[in-house]
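A.B. asks: got a predicted structure here, sequence first:
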Amino acid sequence: MTYKHQLFLRLIHAIDTFIEWTGKATSWLVVGLVLLICYDVAMRYLFQQGSVALQELEWHLFALIFLLGSAYTLKHDEHVRVDIIYNSRVMSDKKRALVNIFGCLFMLLPFCILILSSSWPFVENAFYYHEGSPDPGGLPYRFLLKGSLLLGFGLLILQALADLARNILMLSNNTEVK
């Protein structure tokens, strides 16, 4: 095995480990969201005590779960794909690797870069003005949620690069890299 292959393997392992950790940490937000929704519903319907801040926190947690969990979903190959073709007997592992490389280079990475570049001024403005909720009783730190756009798509780019390296190695070695 060449030095380049070893470097790719270490890079893949480091990114996969980091994304695995972020995915597991993000999964705890699901537990928090469920508990928060149960509390909010109980307070609203049993005690007629609604809260704008609780409802916004629910939206914020959902957004964080989606944004921070997308790289973990990609890592575990659970994202949306036309599996009828991709997993058919017609597709060999080599063809799947080529499809993955094409999708990563011409769809996923450009889309992520587009989102990062177009959302940067939006996020920067929110941080500059310490943007909060415009609703009375809403949460004060909305700029942090907007910053998670950059973090979520940055994690997605990292996982895309790991998958790209994995598929390139698979093509060059004709072996699967875990």
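C.D. replies: Nice, I can see it.
A.B. asks: output the longest helix belonging to the protein.
C.D. replies: Counting by DSSP state H, the longest helix found in the chain is helix 3-47.
A.B. asks: ok now that one, how far from the chain's centre?
C.D. replies: 9 Å (Cα atoms, centre = their mean, to the nearest Å).
A.B. asks: and if you look at stretch 51-61?
C.D. replies: On Cα atoms, centre = their mean, the centre of stretch 51-61 falls 21 Å from the chain's centre.
A.B. asks: buried stuff in that stretch?
C.D. replies: Residues of stretch 51-61 classed as buried: 54-57, 60-61 (neighbour count, 16 or more other Cβ atoms under 10 Å). C-betas here are computed from N, CA, C, even on glycine.
A.B. asks: and the residues you listed, which is closest to residue 119?
C.D. replies: The shortest gap between residue 119 and any of the buried residues of stretch 51-61 belongs to residue 60, at 16.4 Å (Cβ to Cβ).
A.B. asks: any figure for the gap between residue 138 and residue 63?
C.D. replies: Going from residue 138 to residue 63 by Cβ to Cβ, to the nearest Å gives 15 Å.
A.B. asks: picking up where we left off before, among the buried residues of stretch 51-61, which one lies nearest to residue 121?
C.D. replies: residue 60 (21.1 Å).
A.B. asks: could you list which residues are in contact with the closest one?
C.D. replies: Neighbouring residues of residue 60 by Cβ atoms under 8 Å, 6 or more residues apart in numbering: 139, 145.
A.B. asks: tally of neighbours for residue 117?
C.D. replies: Counted with other Cβ atoms under 10 Å, the neighbours of residue 117 add up to 9.
A.B. asks: just the one 5 residues further on next, same as before
C.D. replies: Other residues within reach of residue 122 by the criterion other Cβ under 10 Å amount to 12.
A.B. asks: not counting its neighbours along the chain, what's nearest it?
C.D. replies: residue 146 (6.6 Å; Cβ to Cβ, 6 or more residues apart in numbering).
A.B. asks: roughly how far is stretch 147-167 from the heart of the chain?
C.D. replies: With Cα atoms, centre = their mean, you get 8 Å for stretch 147-167.
A.B. asks: then stretch 110-124?
C.D. replies: Per Cα atoms, centre = their mean, the centroid offset for stretch 110-124 relative to its chain is 15 Å.
A.B. asks: quick one: mean pLDDT for that stretch?
C.D. replies: Stretch 110-124 carries an average pLDDT of 97.
A.B. asks: if anything else comes up later, I'll come back, but that's it for now.
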